[in-house]
Structure formats: structure tokens, C-alpha cells
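K.L.:
return atomic coordinates for the entry below.
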Amino acid sequence: MSNETRALTEAELRAIEEEFDPEARFRTVTRPVALLAGVILFALAVYHYYTAGFGIPRATTHRGLHMGVSLFLIYLSFAAFSSGRTKTTGFVILGLPVLDWLFGFAALISALYVPWIYDQLAFRIGNPLPLDVAMGTILLVTLFEAVRRSMGWPLPLIALLFIGYAYFGRSMPGIFVHPGADWSGIVNHLYLSSQGVYGTALGVIATYVFHFVLFGVMAQKIGLGQLFINLATALTGRYAGGPAKVSVVSSALLGSISGSSIANTVTTGALTIPTMIKIGFKRHFAAAVEAASSTGGQITPPVMGAVAFLMVEYLGIPLRTILIAAIVPAFMHFFGVLLQVHLEAKRLGIRGLSKEELPNALNVLREGWLSVLPLVLLVWMLMSGRTPFLAAFWAITACIAVYAVQRIMESGVTTGAKEFAIGIFDGFVSGAKSSLSVTAAAALVGVVIGVVTLTGIGFKIAFMLTSVAQSWAASVHGFLGFLPFELFTMPTLALLFTLMMTAVVCILMGCGIPTTANYIIMVAVAAPVLSMMNVEPLVAHFFVFYYGVLADVTPPVALAAYAASGIAGANAFKAGNTAFRLSMGKALVPFMFVFSPSLLLVTSGFTWESFALAFTGAILGIIALSAAITNWLMAPLWKIERVLLPIAALLMIAPEFVSTAIGAAILGAVALRQWMAGPAEPVRQAS
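P.N.:
Residues are numbered from 1 along each chain as shown. Alright, predicted model coming up:
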């Protein structure tokens, strides 16, 4: 296959994003419906922009209004089936099926019902009226259908299984048996209490996440995303495998304002993937590099998708603390991808970009410095302890001001004012539209959380997993008894097996489920497992979050990799496997900060000495694993070295000094052997 590939049009890129991202599959509607939806979306964005700066109403009112309007808009924007996205048959009103209008209004009314009767809830919870049960049933049905339309089947099916577990508790086997609840009791808990649909997850989306999604859209509109790509090209494009390194660095920068793996993949991949193929990388590898890099955007401060704000609510700690904790793990991920890209380029002899192909970094900053100001303002306000929604308010305001200056400078006062008004309207509408699916998902995840609190299943799963881990640890510890020294202690082995099982569950749950929803579910189900192993809450939350993110590049449902393969014209499954390989650094990182919490910088007992040792071990572990995967360090590896280096990487993530020293010695021996052998020729020269 040729190494030439044409640049895709905007329409083709949009089609790829829609194919692999259900949240982007908006249907074609008539002009009246488009106008109605646009006005409501704009009003929703203005409402949130105002409340970010001047305060929100009562929590239940705020959450109910946000959810009700969002569900109504989902029924306007998403067809029941893919066949209905471009044409509609049957009974219609303004081009939409009558059933969609009925579902939309039913969702809106039932969502606003709880805020309407809020003052009476104290007398109704535990003893709901028939009308309460009816309204709760309507909301649950319309919520399930809204999530199915906007995100697919996985999350609704999981929520249905949990409701079934709550209802049929008496029939469950063994440890999972519980008294059960009738439908009235289930609706009471999920609909009328703060433990279900109107719980923390929906509150975080309505109070924090919406504002940061809007900020990300407005930051893109003022050119911040393009500035990041140009700056990454100027700084890293000249080195071996330059365009691939540009992909990694630009995705890291763009990820700081965007929480979507697939959107990040399409945005930066449209530019980097064709260039990677042109200089000699295989198509599937180019797609994998972009997917692995873009997925890292979800773990990059300050936005981190929605999860950083959920951690604020769940852990009760300042956002600043969470953002500081995320710095080193995010660096580790991008370091791992960048290192594998570098080793692959050296192995294949792939060049960097020539001086003529590179922009000048100073010129890039000189031309685009204005677009950086809102991000600088946002980070400064967050790190100085301001509330997240107030920081978002001023950052969005700064974006609006910068956009006004840009339009006036480029088009003059009269034309610029018109372009400014249209651009702000489009930006606010796009921001609100991007939040619809995550709102519905957060509300439905509230159903799962509600069942967990109603039945106590989280602690039952925790007990089961820790019991299995203890049993496995005892067997392995006994097997290693022949060694003259203790390589791993029993507690270390038990924690290691617990982490491995938790990681597998997180990845499986993440297949087809958005990262935010996966994190919320796993916090309820898996975090208690780690708590029983004396893992600090912040560390446990980061662990389940990172492995949920890894699902975006884990076949068979590696959506970010499949989107990138569409741009590259590559085999999707091959791209997914390679993306997972490139993300193995991220797979090691959570184990590292569980065993060495000092990597998060803000955990109890932190010292710079412990951090330096843990950081060095982490870097060496990633180098060892990357070399083994790539089959290159300074030259091709011997077969025995490819076996020993992954073992060395695993040894260096454990906290025991003996295991770390053995791992470092193995890596040092391989490096010394290759250095003494002298420089090696690449496997092949790039064409």
C-alpha cells in the first residue's frame, strides 16, 4: 500500500467521528425544529454561563431543569434508530415522529416534577404517592431511551441489570442475596431521594462540567487548538519520527482543554496521520499513535473530562489538589507513548521533518498569543483556590473578549460585530449540544449508584475480590518460598492481585461506556475493594479512572483507535491492538502510584526522597517495557532480553527495594550489552 494519503474533507472527518462516537450522531431535522433546538440550546448555555458567575438556584431545581431540558433536546436531536437520522416516516409533527415529541415532553415534565414538589419531599420520601411512582416510572423509561439513542445499548443494559438485582434480591445466589425491594420502593429511592437520578453525578455535570465543555468549544473557536498543533510541530517535528511526536505533544496540549478522546483524535489526526504515513510509518501505526495520544487527553489537567470535578464531590478535596495529583501520571503516559514512537522511528530509520516543513515557534506564539490568555487565566484561578465554576465563567468571558478582538481586527467593526454575534451563538449552541449525552449518562449512572446504596452490593463485591486475591497471594508466596530472600511480601502480592482484577473489571466496563459513566460506576463498585486493601481514597479513585480511560484503546471496542483508522485507511483491529500496545505505559502507571503514592505529590506521607525514588523507578520501568514492546533500545534485542525486560518493568513498580534493584540491574545489563556492541543499522530505511 502506498505511503501517500490525501487529506480528508471536513465532511469526511465529521462522518468518521459520527461513525465511532454515538454522541455525535445528530440527525437531520427540518428548519423549524433546527431553529427551536438552536434557541433552546443557546438559552441553556446562557443559563449555565450566568449561574457560573452569579450563583445557581436550589440544587434539585438546578439539576432537574438541566436534566429535563437536556432530555427534551436529545429527543429532538437523536433518532430512535440510525435509519431515522436522515428521513422520517409515519405520523410526524414538523418533521419529527409524534412519539419523539411525546417522549421529549414527558421527560421534561417528569424531570421538573421533583423540583416542583421539593418542599413536600420530606413527607413523601419512603411513602410515595401513586403520582410520584408514575412520574418516576416515566422519567426512568424516557431516561433509558434517551441514553440508548445518544450512547447506545451498553449503559442502559447495565442499569437494567442493576434494577433487576434490586427487584429480585431474594432470588440472588449466595453472598449476593438481599431482601429486595418492590417497584414503589425502587422508584422512591432512585427518583425522590438524592441517592439516585438527582444525585452527585448529575449535580457535577450541571454545576461544573457543562461550563468546562463550553470553555473547550470557545477555546477552539478562538484558535487555541490550532495554536497547540502548530507549536507542537515547531518544537518536535525535526526529530526522528517527527510527525508522530507532533501527534503526541499536540494531543497532550489539546487534551488540556478537551475531554473527548474521539474528538481529539479527529481534530489532530486529520493533520498528523497523513504526515506520519508520508514519512514512512505504517498506516495502522500512525492511527495507533494518534489514538493513544488523544486518549491521554482525558487524564491531562486542567479539564480531565468530567472526572476531576466528580472527584471533588466524592472525595471532598479541592480541585487544585486533584489537578496537582494528575500531573505526574499524565506525564508518564505521554512519556511512554513518546518513547515508543522514538524507538520505533530509530528502529525503522524514519526521519523528522525538514526545516522548510516546520513553522517557527516564535512566529507561532507571536501570532497566537492572544488565544492562550483564557487558558492561562483558567489555570491561575483554579490553582489560586477559586471555585471551578467561577474560574470557568471568567475563562469563557475571556474567550468571548478575545474572539471579539479577533473578529474586529480581521474584518473591521461592522462586519466583525456581525461575525462575532454569529460565532458566539454557534459556540454556545455547540457547547450545549456536546453536553447532552453526558448529562443523560450521568443521570442514568445515578440509577446504578442508587441500587448500590440500596442493596449494599459494592461491599459484597469488595469482600469477594479481596478474598480471592488473598488466596492467590498465599499460593504465589508459597511457590516463591524456595528463594533465599523474600521477593514480595504477602500484603504486596494480595494488593497486586486485587489491582489486577480491578483493572480487568474497569476495562471490561469501559467497553462502549463513556469514561465519565465508567468512572462513576467503578467508584461505587471497585473503589471499596481498594479501600479494604488500605489504599488511600485519592489513589483508588485515580486507579479506576485510568483503567476506565484505557478502554478507549482496548480491543474489541477501541473507539478512539477505530476513528483514527478511518482517517489513516488502516485495519481498525490492527490499529486498536497497536494503540493498546502504545498505551502500556498508562497501564503501568496506576500500579506505580498505588505502590508509590508519592507520585501523586499530594498523598499522606509524601517526601521528595520517596518521590525521587518512585519517579526514577517509574521512568526506568516504562523504558524497559517500551524497549521490549518495540524490540529496540539502542539496537535490536536478543530474544531473552525481550523476555527479561518486561519482568524488569514489573519488578520496578513494586515498592520493595530488592525487587526494584533486580529490575534496574536487568535493564542496565541490557543497555550495557547494546552500548558495547556499538551502533546498529535500522531495520529498514524510510522511503
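K.L.:
hmm, G458 is touching M522, no?
P.N.:
No - G458 lies out of contact with M522 (C-beta atoms under 8 Å); the separation is 10.2 Å. Backbone N, C-alpha and C define where each C-beta goes, glycine included.
K.L.:
more crowded one of the two?
P.N.:
Counted by other C-beta atoms under 10 Å, G458 and M522 do not tie: M522 has more neighbours, with 24 against 19.
K.L.:
what's the neighbour count on A111?
P.N.:
Neighbours of A111 (other C-beta under 10 Å): 28.
K.L.:
excluding chain neighbours, what is closest to it?
P.N.:
Excluding its sequence neighbours, the residue lying closest to A111 (C-beta to C-beta, 6 or more residues apart in numbering) is G68, at 3.2 Å.
K.L.:
how much space between P32 and L94?
P.N.:
To L94, P32 is 5 Å away according to C-beta to C-beta, to the nearest Å.
K.L.:
what of C399?
P.N.:
From C399 to L94 the distance is 34 Å (C-beta to C-beta).
K.L.:
okay, those two: which has more neighbours?
P.N.:
C399 (28 against 13).
K.L.:
which residues sit against the helix or strand encompassing that one?
P.N.:
Element membership for C399 (DSSP states H and E) is helix 388-411. By C-beta atoms under 8 Å, 6 or more residues apart in numbering, the surrounding residues in contact with helix 388-411 are 49, 51-53, 56, 207-208, 211-212, 214-215, 218-219, 221-223, 309, 312, 319, 370-371, 373-375, 377-378, 381-382, 416-417, 419-420, 423-424, 427.
K.L.:
so after that helix, what's the next helix or strand?
P.N.:
Taking DSSP H and E, what comes next after helix 388-411 is helix 413-434.
K.L.:
show me what contacts G38?
P.N.:
Taking C-beta under 8 Å, 6+ apart as the criterion, G38 is in contact with 425, 429.
K.L.:
so for it, what pLDDT did the model give?
P.N.:
pLDDT, G38: 96.
K.L.:
got it, and the one 5 residues further on?
P.N.:
Taken from the predicted model, the pLDDT recorded for A43 is 97.
K.L.:
that one: neighbour count?
P.N.:
Neighbourhood size, A43 [other C-beta under 10 Å]: 14.
K.L.:
so what's the residue nearest to A111 up against?
P.N.:
G68 neighbours (C-beta under 8 Å, 6+ apart): 107-112.
K.L.:
what's the farthest-apart pair in these?
P.N.:
A107 and L112 (9.7 Å; C-beta to C-beta).
K.L.:
so between the two, which is more surrounded?
P.N.:
A107 (27 against 18).
K.L.:
secondary structure element holding the more buried one?
P.N.:
Short version: A107 belongs to helix 98-116, going by DSSP H and E.
K.L.:
list the buried residues in that helix.
P.N.:
Within helix 98-116, the residues that count as buried by 16 or more other C-beta atoms under 10 Å are 100-101, 103-104, 106-115.
K.L.:
and the residue most central in space within the chain, how far from S583?
P.N.:
In the chain, the centroid-proximal residue (C-alpha atoms, centre = their mean) is Q298; its distance is 4.0 Å. Distance, Q298 to S583, using C-beta to C-beta: 12 Å.
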